[in-house]
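Asks: What shape does this take:
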Amino acid sequence: MSSASRILPLVVASALFMENMDSTVIATSLPAIARDLNTDPVALKLAFTTYLLSLTIFLPISSWISDRFGARRVFRIAIAVFTLASLACAAAPSLGYLVAARAVQGLGGAMMVPVGRIILLRSIPRSELVSALAWLTIPALVGPLLGPPIGGFITTYFSWHWIFWMNLPFGIIGIVMATIFMKETREEGVPPLDVVGFLLSGLGLAAFVFGITLAGRSLVQLRDVVGLIALGGILMALYVRHAARVPYPILDLKLLKVETLRISVGAGTFYRLSAGAIPFLLPLMLQIGFDLTPFQSGMITCASALGAVMMKFAASRLLKRFGYRQLLLVNGVISCALMAVNGLFTRETSMVLMFVILATGGLSRSLQFTSLNSIAYADIATKDIARANGIYTVMQQLSLALGVAAAAMALDLAQMLRGHATDLVPSDFSFAFFAVAVAGLLAIPQFYSLPANAGESMSGHKAGQEA
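Replies: Residues are numbered from 1 along each chain as shown. This is a model prediction of the structure:
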């Protein structure tokens, strides 16, 4: 593997590290933030999903902006926007202010990691791409590994505001690294921006996800929730019609004719919805359900990231040995089963046992994510990578946002079934973990339809060699 295939992923990973560190620290600190802002911890799903929603809205134009204005320039500006928005989050006096600042953070994130990934996909040989993506994610996984215990320590012994101030030095380092190591790239003959498509897709996705996010907890009236979801569905349907009629749509849905991309997007949506609920549910269960401190919670939840880091060293070898189809099928079932096991935890469960189970779950989810992330581009022509990346990253972030919303709705339903509107109890979290695990299993039939040799240009696996 060439040195460029290592250095470039590390530069992009500096941004991914900051983004992942930020999200995992916030997850650990949700109950403390809720108390300080005088709001319901579950209502803080708005701060979670607003960030993911902002990402989803602006991701489609990240490829066009990077081609038009230069990838390195956009990358550095995006880091600056993300960092400044973090400082605004630290100063938030209310839930509304925090949600607005998180939306600006999402704008920075939409132009940060996706643009870096485009540079990576265009610069690294296809045969080295799986390893390069692993190098990209290893440093970034240090964020989720350190985030929970650091966030828990800061929240327990200092103030949650400092979790946002931490992004300032990381942002400065990322900008400096990009300036030194990243070459400027800009495409010639960039087509005009599909403004109508951007508005239809962005507003449609925003209305749909925001409607689902507002469901439950009596945040707004039911008719408003239904209206937002219906409006989102109509706008997205109009976008599908629009995309079929214009030469350069903001999201080129014709690329979904490529089977590996289509299944990675379709099945990946169900799996990511399930996996995206875990960082939201787990800290709440440990702190609200089991009365652990944020620091204790963080020390336990970092196990998932530890398992994920360990798997990154073995993912490419496992893919070469077993191939995408077999790995996605078997590991998908194992991963969802491990998510459901979280629902069996009780106050009396040994912390050591919880740590081991969570580390194993993180290992399994990491392998599934690496497989989904790489097979998406296995059969995509180099000239179409940026457009394929637009579709993939939008659906990736959309499914994560839906995962948080689905987890919150599952908690609401669990409370309704036992006749109580307030005071979450451990059994509510058990119900939610079981529900999201079942949602993840909906991906399995689509993995089964993959051919045995799917993605062999990336994995190096030849059908039949595992026998």
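
Asks: which residues in the stretch 101-250 of the chain form helices?
Replies: Assigned by DSSP state H, counting those that start in this stretch, the helices in the stretch 101-250 of the chain fall at 129-157, 162-165, 167-181, 195-214, 222-243.

Asks: Tell me which of those sits nearest to Thr269.
Replies: With distances scored as CB to CB, the stretch of those nearest to Thr269 is helix 195-214 (12.5 Å). (Each C-beta comes from the backbone N, C-alpha and C, glycine too.)

Asks: Run the angle between that closest one and helix 222-243 for me.
Replies: Put simply, helix 195-214 runs at 150 degrees to helix 222-243, going by axes from the mean of the first three to the mean of the last three CA atoms, to 10 degrees.

Asks: packing partners for helix 195-214?
Replies: Contact partners of helix 195-214 among helices and strands, from 3 or more CB pairs under 8 Å, 6 or more residues apart in numbering; DSSP states H and E: helix 45-58, helix 222-243, helix 385-417.

Asks: Comparing those helices by mean pLDDT, which bottoms out?
Replies: Ranked by mean pLDDT, the helices and strands packed on helix 195-214 end with helix 45-58 at the bottom, a mean of 76.

Asks: Alpha carbons only: can I get the next helix or strand after that one in CSV?
Replies: Per DSSP states H and E, the first helix or strand lying C-terminal to helix 45-58 is helix 62-69. Extracted as CSV, the C-alpha positions of helix 62-69 are listed here (Å, rounded to 0.1, in the frame of the first residue of the first chain):
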residue,chain,number,x,y,z
SER,A,62,-21.2,18.9,-1.5
SER,A,63,-19.9,17.3,-4.6
TRP,A,64,-21.0,20.2,-6.9
ILE,A,65,-19.5,22.8,-4.6
SER,A,66,-16.2,20.9,-4.3
ASP,A,67,-15.9,20.6,-8.1
ARG,A,68,-16.9,24.2,-8.6
PHE,A,69,-14.7,25.9,-5.9
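
Asks: Switch the helices and strands packed on helix 195-214 over to a markdown table; also include mean neighbour count and distance to Ala454.
Replies: Shown next, in a markdown table, are the helices and strands packed on helix 195-214 (neighbours: other CB atoms under 10 Å; distance: least, CB to CB, whole Å):
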| stretch | mean neighbour count | distance to Ala454 |
| --- | --- | --- |
| helix 45-58 | 26 | 27 |
| helix 222-243 | 15 | 26 |
| helix 385-417 | 23 | 16 |
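
Asks: Nearest to Phe181, out of those?
Replies: helix 385-417 (20.9 Å).

Asks: Quick one: list the elements packing against that closest one.
Replies: Judged by 3+ CB pairs under 8 Å, 6+ apart, the packing partners of helix 385-417 are helix 45-58, helix 62-69, helix 95-123, helix 195-214, helix 259-276, helix 278-284, helix 426-441.

Asks: And those: which comes nearest Leu37?
Replies: Among these, helix 95-123 sits nearest to Leu37 (CB to CB), with 5.2 Å.

Asks: for the record, mean pLDDT for the closest one?
Replies: pLDDT averaged over helix 95-123 gives 82.

Asks: for it, the distance to its chain's centre please.
Replies: 11 Å (CA atoms, centre = their mean, to the nearest Å).

Asks: how about it: buried residues?
Replies: 95, 98-121 (16 or more other CB atoms under 10 Å).

Asks: Kindly report the same for stretch 175-182.
Replies: So stretch 175-182, judged by 16+ other CB under 10 Å, has buried residues 175, 177-178, 182.

Asks: By mean pLDDT, flag the weakest helix or strand of the protein.
Replies: Within the chain, no helix or strand scores below helix 129-157, which has a mean of 67 by mean pLDDT, DSSP states H and E.

Asks: if I look at the closest residue to Phe431 other than its chain neighbours, how far off is Gly289?
Replies: Sequence neighbours aside, Ala414 is the residue nearest to Phe431 in space, at 3.9 Å (criterion: CB to CB, 6 or more residues apart in numbering). Distance of Ala414 to Gly289, given as CB to CB, to the nearest Å: 11 Å.

Asks: if I look at these two, which residues touch both of them?
Replies: Shared contacts of Ala414 and Gly289 (CB atoms under 8 Å, 6 or more residues apart in numbering): 428-429.

Asks: ok, now how distant is Ser94 from Ala100?
Replies: According to CB to CB, Ser94 and Ala100 sit 10 Å apart.

Asks: How about Gly202?
Replies: Taking CB to CB, one finds Gly202 at 17 Å from Ala100.

Asks: same thing with Leu238?
Replies: 28 Å.

Asks: Repeat that for Ile7.
Replies: Distance of Ile7 to Ala100, given as CB to CB: 37 Å.

Asks: low pLDDT regions in the stretch 151-300 of the chain?
Replies: 186-187, 215-220 (pLDDT under 70).

Asks: Next up, the contacts around Phe295.
Replies: 149, 152-153, 155-157.

Asks: Toward the C-terminus, what is the element adjacent to the helix or strand hosting it?
Replies: With secondary structure defined by DSSP H and E, Phe295 is part of helix 294-312. Beyond helix 294-312 on the C-terminal side, the first helix or strand identified by DSSP H and E is helix 315-341.

Asks: Go through that following helix and flag the buried ones.
Replies: 315-316, 318-320, 322-329, 331-336, 338-341.

Asks: now the angle between helix 294-312 and that helix, please.
Replies: Interaxial angle, helix 315-341 versus helix 294-312 (the same axes, to 10 degrees): 140 degrees.

Asks: Could you check how far the next helix-or-strand element following helix 315-341 is from the centre of its chain?
Replies: Using DSSP H and E, the helix or strand that directly follows helix 315-341 along the chain is helix 351-375. Centroid separation for helix 351-375 versus its chain: 14 Å, with CA atoms, centre = their mean.
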